[in-house]
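Engineer: mind looking at a prediction? Sequence and model below.
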Amino acid sequence: MDQNWFFRWIWRFNAVALAVVLIAAGIGLALPFLAWQLAPAVERAVDATQPKQEPPKYGLTLESARAGRTEIVLALDYLHSPERGLGSFSKDAYARRIANYLFVDAATGAHRWLFPTNDQMVTRTEYLTDTPSPYAAEMSGPGALRTVYYVVVPGSGRIGNDAKYQVYLSKPNGEALTKILEDLDEAPSAMQLDADNLAVSYKLKGRIVVARVSLKDFKTTLQVDVSSQVPK
């Protein structure tokens, strides 16, 4: 009788032990799936080797006075940009990268920005007067200021090989800002022909074009595709 009881106890113990083992194995297999269900929003680990990106920083610079201008003009310079590796920009005339211009009325204090946002880089600014410069490479001549010419790259990031350029014109006080060219393959060249006309040479979709723009109404009055004239 005692032997039967002993064997029954051994059998029950084995059954319980087997059940515990099976339950433990089941929990072990289910844990990864449970963890995924319980924490689906766990973010990917941050790569500590990547430099921390900071938003662009700016500095205001007072621009030189110009004849015929009644506004105080300040340039909003990029001090650094995350896409440029957080490197500082030189503030000399050849390396400046300007995000925007602020025009302040010297009499009333009323002020306005040239562009509605800072999501662009102004890579060139020229001041066109009633008396064009005799030097082709320098459009800013003597006389009263009449029009301001801007070359712009959209976006506040790095100017890469695939950058697309735009050309704007405005009145001396920043009003009547008008985009006259866009999606250019490279930075254009320009020369003031006379008090009323500007010549612009640019590359658009692989084509080389020369245009004449009126400084009276900022409209293009002539466009000539000279691509076929380029020697092979």
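Structural biologist: All right, it came through fine. Note that the structure is predicted; figures quoted are calculated from it, not measured. Residues are numbered from 1 along each chain as shown.

Engineer: all helices for the chain, in order.
Structural biologist: 2-38 (DSSP state H).

Engineer: any weak-confidence spans in it?
Structural biologist: The model of the chain has pLDDT under 70 over residues 1-54, 80-95, 136-137, 157-158, 230, 232.

Engineer: for it, just list every one of the strands.
Structural biologist: Ranges of strands within the chain are 57-62, 71-80, 98-105, 111-113, 120-129, 145-154, 165-170, 178-184, 189-194, 197-204, 207-214, 220-225, based on DSSP state E.

Engineer: how many neighbours does Q192 have?
Structural biologist: 24 (other C-beta atoms under 10 Å). C-betas here are computed from N, CA, C, even on glycine.

Engineer: what sits against it?
Structural biologist: The contact partners of Q192, by C-beta atoms under 8 Å, 6 or more residues apart in numbering, come to L128, P132, S133, M139, G141, L198, A199, L215.

Engineer: also A75?
Structural biologist: With C-beta under 8 Å, 6+ apart, A75 has these contacts: L60, T61, E63, R96, I98, N100, Y101, L102.

Engineer: thinking again about what came up before, nearest to P231, of the strands of the chain?
Structural biologist: Each of the strands of the chain has some distance to P231 by C-beta to C-beta; the shortest is strand 207-214, at 12.1 Å.

Engineer: now the closest one: buried residues?
Structural biologist: The neighbour-count check on strand 207-214 (16 or more other C-beta atoms under 10 Å) flags I208, V209, A211, V213 as buried.

Engineer: pretty sure T220 sits against A211.
Structural biologist: Yes - T220 lies in contact with A211 (C-beta atoms under 8 Å); the separation is 5.4 Å.

Engineer: just the residues contacting stretch 131-151, thanks.
Structural biologist: 66-69, 122-130, 165-172, 174, 187-188, 190-195, 198, 215, 218.

Engineer: just the buried ones from those?
Structural biologist: Going by neighbour count (16+ other C-beta under 10 Å), the contacts of stretch 131-151 have 69, 122-130, 165-172, 174, 187-188, 190-192, 195, 198, 215, 218 buried.

Engineer: for G155, which non-adjacent residue is closest in space?
Structural biologist: Closest residue to G155 apart from its sequence neighbours, by C-beta to C-beta, 6 or more residues apart in numbering: D119 at 6.1 Å.

Engineer: related to what we said a few turns ago, let me know the closest of the buried residues of strand 207-214 to T178.
Structural biologist: Nearest to T178 among those, with distances taken as C-beta to C-beta, is V213, at 9.6 Å.

Engineer: hang on, that closest one packs against Y202?
Structural biologist: No - in this structure, V213 is not within contact of Y202 by C-beta under 8 Å, at 11.2 Å.

Engineer: adding distance to P231, write the strands of the chain out as JSON lines.
Structural biologist: Below are the strands of the chain laid out as JSON lines (distance: least, C-beta to C-beta, whole Å):
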{"stretch": "strand 57-62", "distance to P231": "43"}
{"stretch": "strand 71-80", "distance to P231": "39"}
{"stretch": "strand 98-105", "distance to P231": "37"}
{"stretch": "strand 111-113", "distance to P231": "45"}
{"stretch": "strand 120-129", "distance to P231": "28"}
{"stretch": "strand 145-154", "distance to P231": "27"}
{"stretch": "strand 165-170", "distance to P231": "25"}
{"stretch": "strand 178-184", "distance to P231": "22"}
{"stretch": "strand 189-194", "distance to P231": "19"}
{"stretch": "strand 197-204", "distance to P231": "16"}
{"stretch": "strand 207-214", "distance to P231": "12"}
{"stretch": "strand 220-225", "distance to P231": "16"}
